[in-house]
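Engineer: Make a model of this:
(chains A and B)
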Amino acid sequence: METNYTKIADLLFPDVDKTPDYYLSLYPRRKLKDGAIVTRFAPSPTGYVHMGSLLTSFYDYVFAKQSGGVFYLRIEDTDLERTVENGVEGIIRDLKAFDIKPDEGVDLDKNSYGPYGPYIQTERAEIYRTFAKSLVAQGKAYPCFCTKDEIDAIRHTQEANGESQIGYYGKYAKCRNLTFDEIKAKVDAGLPFVIRLKSTANVGDRVKFTDKIRGQIEMSDSINDVIILKSNGLPPYNFAHAIDDYLMGTTVAIRSNEWLNNVPEHMQIFKALGFPQVEYAHVAFIQKIDETTGTKRKISKRKDPETAVSSMLEAGYPTQSVHEYLYTLANTNFEEWRLKNPHEDLYSFPFTFEKISLSGALFDIDKFNDVSKRVISNMTEDEVYHGMMKWAEQYDKEWAKIISQNPDYTKAFLSIDRHNQNPRKDIAKYSDTKALYSYFFDELFDGNYEVDDTFRYSDIKPIFEEYMATFDPKVDKDTWFNNIKAIGAKYGYASNVKDYKRDPASYHGHCGTVCNYIRVALTGRKNSPDLYSICLLLGRDRMNARLKKFLDLYCK
RNA sequence: GGCCCCAUGGUCAAGCGGUUUAAGACGUCGCCCUCUCAAGGCGGAAUCAGGAGUUCGAUUCUCCUUGGGGCUACCA
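Structural biologist: Got it, this is the predicted structure:
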């Protein structure tokens, strides 16, 4: 019997000339200090990373760094259908934007670096095939020639029979006990085949395991003879990850929750291979409301391109905002920590597996915007300027040109109210800045004014004229404001708001009304940062020009 | 259908048997401050899905129900 298995293995894998031992010695165990965690980020090369996988990559990175371990990047491209051209590039770019630099992995040209490579699964096909062959030779795996139609038929039969388990197992696994001669005949006939692992479980068997995040879990064992090598010779995820995670020395596989059900199957693969079981940590996925159904569902790359990290960056959100927001979703005590340590590096937040939240959070754009406004409000004007530039250079060339020609001026208006006790929180993303500050540039100032019925144009004319005549850029803000009050008072505007509110009928308005006349004339809008600062920044000439333009338009 | 995960306000969440008349943040509402806005301050409304148990005592432990999500592919 033994020899028969070997014969089958040789028949199926005439090309494989190496043994598992070869690879076992090629990739020796890592020598790391006790407690060091080795993690990996293992995406398919679909071209981009979405919020959920970015979060897991944060976990991967942080746990490895905090424990003195290793974090590596592995490209899982065994599904040729999903592979996108330049798909690796986008992933590396996204990670890099967040300062995540894998210790080992692949570079932009898809060249592997690090001692356990290659780190692209299709380049490791020979390794998987070697182990698969070994499994066949041991009688733990076998070729299956069933067609898609046959598999479908099996399922229909099972459904008709009211079987509780659907799949390729037991008496339904008709290729399980093929003889060497039968197999040879089919191979000679050129029939395609897959390799299946013989399940060691029976219907009703239970398995227990411990998830790093979820704790003890018990479920039905996997009775299916799962496919470990597809007919194209490449392995599916289950087999590839088992071999790679062992050979590459992973200690904890942090992955999305949808894998939880497959753990029994994965455990059987590890066991068949004779590998110690890698630990698993299953992370809840981020959800969103599906527009068509109105219910929650996990975000997906295919359906929700807007949740791609790159879309966030493209919209002009700083990476730090995305990072902070994800942390507030993920954990558990992060916001509290952030309050106490407003300027700490994010990667120094002490994560533990136990504290990662179990339930899938809904992506909340309001909260995200607030987080981002806080992040930007805590930046210096230099940092905001650089962020704006970097964004604009790529997505708004006109804006980039304007601000790059006026760096000091730009920083000056960015610094308005920035160094107060409580800095302004009005920028959520860099793409907001143009609309927010366009009036600082004559070429963008469009001449639309938010005027309304309350504007008393007969008052505005003399007020502006007097304001222009008395404006002195050298005086401080209080003096400036007192002057406005004095001018306003002459034309029936209360010098303080309280007086006005007490007796609105006797006034045309109050000093704030006067400010608003000026504000609208200078910026076109009713809302702006500190008006005094705007006047100074515009300078007397441009200020006067805008006031006159307004008078020409509205106060003939 | 089978199996699994999850379950505190609209959202994210503290909580891990008594110190809780259940933190905090976002959102929302009101007031204050104020040259507008953005902030900021103060305050309000709003949550333990339901039912059994265990216990002297359950948001916290167990079970059931319900709800949401996931897996059930030669996809990952």
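Engineer: Pull the number of nearby residues for A:Lys174.
Structural biologist: 13 (other CB atoms under 10 Å). Every C-beta, even on glycine, is put in place using the N, C-alpha and C of the backbone.
Engineer: Give me the nearest residue to it, chain neighbours excluded.
Structural biologist: A:Cys146 (6.9 Å; CB to CB, 6 or more residues apart in numbering).
Engineer: longest helix of chain A?
Structural biologist: When chain A is parsed with DSSP state H, its longest helix is helix A:531-554.
Engineer: Mind checking if that one is in reach of RNA strand B?
Structural biologist: Yes - counting by CB under 7 Å from any atom of the strand, RNA strand B is contacted by helix A:531-554 at A:531-532.
Engineer: how about the strands in the stretch 251-400 of chain A?
Structural biologist: Using DSSP state E, counting those that start in this stretch, the strands of the stretch 251-400 of chain A run over residues A:252-256, A:279-283, A:287-289, A:296-298.
Engineer: Can I get those in JSON lines including mean neighbour count, mean pLDDT and distance to A:Tyr128?
Structural biologist: Output for the strands of the stretch 251-400 of chain A, formatted as JSON lines (neighbours: other CB atoms under 10 Å; pLDDT from 0 to 100; distance: least, CB to CB, whole Å):
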{"stretch": "strand A:252-256", "mean neighbour count": "22", "mean pLDDT": "96", "distance to A:Tyr128": "17"}
{"stretch": "strand A:279-283", "mean neighbour count": "21", "mean pLDDT": "95", "distance to A:Tyr128": "20"}
{"stretch": "strand A:287-289", "mean neighbour count": "17", "mean pLDDT": "80", "distance to A:Tyr128": "34"}
{"stretch": "strand A:296-298", "mean neighbour count": "14", "mean pLDDT": "78", "distance to A:Tyr128": "28"}
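Engineer: what's the closest of the ones you listed to A:Ile416?
Structural biologist: Proximity to A:Ile416 (CB to CB) singles out strand A:287-289 among the strands of the stretch 251-400 of chain A, at 36.1 Å.
Engineer: Would you mark the buried spots in the helix or strand containing A:Asp152?
Structural biologist: For A:Asp152, the enclosing helix or strand under DSSP states H and E is helix A:148-160. Residues of helix A:148-160 classed as buried: A:154, A:158 (neighbour count, 16 or more other CB atoms under 10 Å).
Engineer: distance between the strand or helix carrying A:Val520 and the chain's centre?
Structural biologist: Using DSSP H and E, A:Val520 falls within helix A:511-523. Offset of helix A:511-523 from its chain centre (CA atoms, centre = their mean, to the nearest Å): 43 Å.
Engineer: can you check stretch A:509-528 too?
Structural biologist: That offset, for stretch A:509-528, works out to 41 Å (CA atoms, centre = their mean).
Engineer: what comes up buried for it?
Structural biologist: Buried residues in stretch A:509-528, counted by 16+ other CB under 10 Å: A:509-511, A:513-524, A:528.
Engineer: so A:Glu104 touches A:Tyr116, yeah?
Structural biologist: Yes - in this structure, A:Glu104 is within contact of A:Tyr116 by CB atoms under 8 Å, at 6.4 Å.
Engineer: count of neighbours near A:Glu89?
Structural biologist: Neighbours of A:Glu89 (other CB under 10 Å): 18.
Engineer: Could you check how far the nearest residue to it once chain neighbours are set aside is from A:Glu76?
Structural biologist: For A:Glu89, ignoring the flanking residues on the chain, the nearest one in space by CB to CB, 6+ apart is A:Leu108 at 5.6 Å. Counting by CB to CB, to the nearest Å, the separation of A:Leu108 from A:Glu76 is 18 Å.
Engineer: Of those two, which one has the most company?
Structural biologist: Each of A:Leu108 and A:Glu76 has its neighbours counted (other CB under 10 Å); A:Glu76 has more, 19 against 11.
Engineer: right, and that one touches A:His241 too?
Structural biologist: Yes - contact criterion CB under 8 Å: A:Glu76 and A:His241 qualify, at 7.4 Å.
Engineer: The longest helix of chain A packs against which elements?
Structural biologist: helix A:407-414, helix A:457-470, helix A:477-490, helix A:511-523 (3 or more CB pairs under 8 Å, 6 or more residues apart in numbering; DSSP states H and E).
Engineer: What about RNA strand B: which of the buried residues of stretch A:509-528 touch it?
Structural biologist: Counting by CB under 7 Å from any atom of the strand, A:511, A:515-516, A:519, A:528 from the buried residues of stretch A:509-528 sit close to RNA strand B.
Engineer: closest to A:Ala153 among these?
Structural biologist: A:Ser528 (72.0 Å).
Engineer: Give me the nearest residue to that closest one, chain neighbours excluded.
Structural biologist: Leaving aside its chain neighbours, A:Ser528 sits nearest to A:Arg519 (5.6 Å; criterion: CB to CB, 6+ apart).
Engineer: sorry, back to before: of the buried residues of stretch A:509-528, closest to RNA strand B?
Structural biologist: A:Cys515 (3.6 Å; CB to the nearest atom of the strand).
Engineer: residues contacting that closest one?
Structural biologist: A:484, A:531 (CB atoms under 8 Å, 6 or more residues apart in numbering).
Engineer: what's the farthest-apart pair in the buried residues of stretch A:509-528?
Structural biologist: Largest separation among the buried residues of stretch A:509-528 by CB to CB: A:His510 and A:Gly524, giving 22.0 Å.
Engineer: Is there proximity between the lowest-mean-pLDDT helix or strand in chain A and RNA strand B?
Structural biologist: Least confident helix or strand, chain A: strand A:296-298 with a mean of 78, by mean pLDDT, DSSP states H and E. Yes - judged by CB under 7 Å from any atom of the strand, strand A:296-298 and RNA strand B are in contact via A:296-298.
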